[in-house]
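Engineer: got a predicted model here, sequence first, then my questions.
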Amino acid sequence: MNREDGFTSRKPAVFLDRDGVLTREKGYVGRWEDMEIFPYAKDCVSQIQSKGYYAIVVTNQSGVARGYFTEIALLSMNQFLKEETGVDAIYYCPHCRQGIVPEYAVSCNCRKPATGMMEKACREYDIDITHSYMVGDRACDILMGKNAGLRTVLLESGYGLEKLEEKVQPDYIFEDLQEFAAFLPQQRKA
């Protein structure tokens, strides 16, 4: 609920891509044992939360649709990531039209740059979207943030500027999540 003085009782979020942001970009990782979480990830998530934001992962995981790993394996990886970093929630899209697993080889509204994952998070957490950020390392991350009207952040710790799939204009560019977490402004309390 918004007050006349501009404060809000709703909490904003920092939406985080997984690979290249919290974990090292290694292609289609199919087991939690193979995930390489950046050593600074947990501290960065804690900083984000202490500044008054939810830390919510939104990640395309088409490896499920492509048959590289199962959704059960993905859920195991998500649980491991949540335990190791302290993120508030993880939303994922297992779909890809070019997939080989029929139930996942579909068009959807959750695959980035579509905003379905973010919309679901906003409903479930009553997020103040106007003060939220989207942080990623690929064009689809930036486009998702732009499609939702968020401030967007491109990190160089994954694909970054040199490997962008298409031209995008992020609001900010940082080397990694540490630089962004230090930059992130503290939210004013209602």
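Structural biologist: Yep, it's here. Numbering: from 1, shown residues only.
Engineer: all helices of this structure, in order?
Structural biologist: 41-50, 71-85, 116-125, 139-148, 177-183 (DSSP state H).
Engineer: pipe those helices into TSV and attach mean neighbour count and distance to residue 170 per row.
Structural biologist: Every residue, glycine included, has its C-beta placed from N, CA and C. Putting those into TSV (neighbours: other Cβ atoms under 10 Å; distance: least, Cβ to Cβ, whole Å) gives the following:
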stretch	mean neighbour count	distance to residue 170
helix 41-50	19	18
helix 71-85	16	22
helix 116-125	18	16
helix 139-148	22	5
helix 177-183	18	11
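Engineer: among these, which is nearest residue 104?
Structural biologist: helix 71-85 (7.9 Å; Cβ to Cβ).
Engineer: just checking, what packs against the closest one?
Structural biologist: Helices and strands touching helix 71-85, by 3 or more Cβ pairs under 8 Å, 6 or more residues apart in numbering; DSSP states H and E, are helix 41-50, strand 54-60, strand 89-93.
Engineer: using CSV, list the CA coordinates for that helix.
Structural biologist: Output of helix 71-85 as CSV, limited to C-alpha atoms (Å, rounded to 0.1, in the frame of the first residue of the first chain):
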residue,chain,number,x,y,z
GLU,A,71,13.1,-31.3,-13.7
ILE,A,72,13.8,-33.3,-10.5
ALA,A,73,17.5,-32.7,-11.0
LEU,A,74,16.8,-29.0,-11.5
LEU,A,75,14.8,-28.9,-8.3
SER,A,76,17.7,-30.5,-6.5
MET,A,77,20.1,-27.8,-7.9
ASN,A,78,17.6,-25.1,-6.9
GLN,A,79,17.5,-26.4,-3.3
PHE,A,80,21.3,-26.5,-3.2
LEU,A,81,21.6,-22.9,-4.5
LYS,A,82,19.0,-21.7,-2.0
GLU,A,83,20.8,-23.3,0.9
GLU,A,84,24.2,-22.1,-0.2
THR,A,85,23.3,-18.5,-1.0
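Engineer: list of residues touching that helix?
Structural biologist: Contact partners of helix 71-85, identified using Cβ atoms under 8 Å, 6 or more residues apart in numbering, comprise 18, 22-23, 29-32, 35, 37, 41-42, 45, 55, 57, 61, 63-64, 87, 90, 92, 94, 104.
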